[in-house]
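In: here you go, sequence then predicted model.
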Amino acid sequence: MLGEYLPILLFLFVSTGLGIVLLIAGWALGPKRPTAEKLSPYECGFEAFEDARMQFDVRYYLIAIQFIIFDLEIAFVFPWAVNFRNLGIVGLTEMGIFIGLLVLGFVYVWKKGALEWE
């Protein structure tokens, strides 16, 4: 029984070993010419001007959550669109309710001013 797992175990050992060898080879053979410019902190094309532990505005998180919600919406809409003919009017009604709730949430966030940048 354990003999059947030997190819998998061999694959894991070879792939792990190859990964380690390639990392070490890149580190050992790669160019090492550090300069002050290369070692300086870099963020979004600007020089770092404050501490990295500064507080972020809550609006960044709200936009990120909205992106995740609308991204997940596509995960539900795409399979629905593929099977639209098989679902009939019930599927259309359910998706209408789903999209309506998302639009209602978007309007709520918009009215609350979460999308406003000052």
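Out: Ah, there it is. What you are looking at is a predicted structure, and each value in this text was computed from that prediction instead of being measured.
In: how about the strands in the chain?
Out: 42-43, 46-47 (DSSP state E).
In: distance check, residue 76 against residue 110.
Out: Distance of residue 76 to residue 110, computed by C-beta to C-beta, to the nearest Å: 22 Å. In this view, the C-beta of every residue, glycine as well, is placed from N, C-alpha and C.
In: how about the nearest residue to residue 117, chain neighbours excluded?
Out: residue 59 (7.2 Å; C-beta to C-beta, 6 or more residues apart in numbering).
In: so the one you found is in contact with residue 114, correct?
Out: Yes: look at residue 59 against residue 114 with C-beta atoms under 8 Å: they come within range, at 6.3 Å.
In: quick one: average pLDDT of the longest helix along the chain?
Out: Secondary structure of the chain per DSSP state H: the longest helix is helix 84-112. When pLDDT is averaged along helix 84-112, the result is 88.
In: pull out the buried residues from that helix.
Out: Of the residues in helix 84-112, 95, 102, 109 count as buried by neighbour count, 16 or more other C-beta atoms under 10 Å.
In: on the pLDDT front, check the nearest residue to the first one once chain neighbours are set aside for me.
Out: Pointing back at residue 95 there. Spatially, and ignoring its direct neighbours in sequence, residue 95 is nearest to residue 80 (5.2 Å; C-beta to C-beta, 6+ apart). Residue 80 is assigned 87 on the pLDDT scale.
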